Structures are given as C-alpha cells and as structure tokens.
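Based on what follows, work out the 3D shape:
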Amino acid sequence: MNLIETALEGVYIIEPKVFSDPRGYFFESYNQDKFKKAGLDYVFVQDNQSKSSYGTIRGIHFQTGKHAQTKLVWVLQGTVLDIAVDLRVGSPTFGQHVAVELSGENYRQLLIPRGFGHGFSVLSETAVFSYKCDNFYMPSSEGSVRFDDPDLAIDWRVDRKRALLSEKDKTAPDFQTYCRSPIFHYLSE
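Here you go, the predicted structure:
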C-alpha cells in the first residue's frame, strides 16, 4: 500500500497494491496490521455503503465529541470527488479542505480522521461509495456545514443546476454560523 500525505495533517490518500490478470483484479481494501505499521492505528466498528446518481452532493457531515469518527472511504463503482474539511479548533489548516477523485478504476482511498468534515459529489452516472468508521453513528452528535459556503470555496465539479441534495444538506448552517455555535467547541474533544 502506498500512503500519500495531503495538505491537511492526518488526511491520507491510500493506494492499495492491486493485482490484475485476465480474470479481473484483487486488492486488500483494508489490512489492520499494515495500517498499524504505517502509523494508522484505528479499530473500525461500522461499514456503510451508498449508491448515488450524478450530481448528488452529500456533506459536509461530521460527528462531535466522544462520537467523532475517523473514516476510510473508497468507491466501488463510478467516480466521486471526495472532500475533507479541517474543522479542528486551533489547527493551522482550520477551514481548509482537500479534494481527491476516487473511482472504481483508480482504487484510491481517503483516510479522514476525527475532527474533519466529510462530503462527496458524484461525477459519474452513478457511484457506489463505501466507508469504514471507527465509531458508531449517533444522530444526536451529528453536525453539518453548508456544502456551498463561500468561506470554504469548494469546487464540487457538479453543475449547480443539476446538484441533488438532501433537505438536511440544503439547510445546513454556513461555516461562520458553525464557528459561533456550541457544537464547534465539541468537535474534536
């Protein structure tokens, strides 16, 4: 596995070693020993999967306090633009983001530690998205920041007229409102 640092401390692009032949391909999507040897010591407790259509934007989502989550994300089919936003209080990259294209063809994964917001947009006709979490989902601890906030300036690479959003994502608070809210102080505790 090839571990690539990003501009945000703790966020890594992971390129697994893929074995291909005329039958198809094989790779380890996760190996706890290899991750631990690379300094990534997580115990994942929940796997999630979604299927979405072109233009879907999911995010920017996070969980707070003792329910915060580290996520290991990848795409089984299709292509997404995956986004991690630094929401850690006092971080030198607070409010900055990285965007990484993940696809069923490039096999790349993104590791997003606790203290980050996460989202993705679907760039292909459909995409099947999979991820591991190191903490269970807790609705009372979830938060979100508006996907199109001008302070974050994220280019989701989706025509705004064709964007598909949940009601929750349409009404998420902007980044400045998030920074003034009590939830801001509990994100990375």
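
tell me the mean pLDDT for stretch 136-150?
Average pLDDT, stretch 136-150: 94.

now it, how far from the centre of its chain.
Distance of stretch 136-150 from its chain centroid, counting by Cα atoms, centre = their mean, to the nearest Å, is 12 Å.

hey, where'd the helices end up in this structure?
32-37, 167-170, 175-180 (DSSP state H).

what's the least confident stretch among these?
helix 175-180 (a mean of 84).

got the CA coordinates for that one in CSV?
What follows is helix 175-180, C-alpha atoms only, in CSV (Å, rounded to 0.1, in the frame of the first residue of the first chain):
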residue,chain,number,x,y,z
PHE,A,175,-19.3,28.0,8.1
GLN,A,176,-19.4,31.2,10.2
THR,A,177,-22.6,30.1,11.9
TYR,A,178,-20.9,26.8,12.7
CYS,A,179,-17.9,28.6,14.1
ARG,A,180,-20.1,30.6,16.5
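
distance of the spatially most central residue of the chain from residue 38?
Taking Cα atoms, centre = their mean, the centroid of the chain lies closest to residue 118, which sits 3.9 Å from it. To residue 38, residue 118 is 21 Å away according to Cβ to Cβ, to the nearest Å. For the C-beta atoms, the positions are set from N, CA and C on the backbone; glycine is no exception.

Residue 142 now?
29 Å.

can you check residue 116 too?
Distance from residue 116 to residue 38, by Cβ to Cβ: 19 Å.

Of these two, which one has the most company?
residue 116 (27 against 15; other Cβ atoms under 10 Å).

and that one, what does it touch?
8, 10-11, 62, 84-88 (Cβ atoms under 8 Å, 6 or more residues apart in numbering).

So among these, which ones count as buried?
8, 10-11, 62, 84-88 (16 or more other Cβ atoms under 10 Å).

Tabulate the contacts of residue 116 in a markdown table, adding columns for pLDDT.
Converted to a markdown table, those look like this (pLDDT from 0 to 100):
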| residue | pLDDT |
| --- | --- |
| 8 | 98 |
| 10 | 96 |
| 11 | 98 |
| 62 | 95 |
| 84 | 98 |
| 85 | 97 |
| 86 | 96 |
| 87 | 93 |
| 88 | 89 |
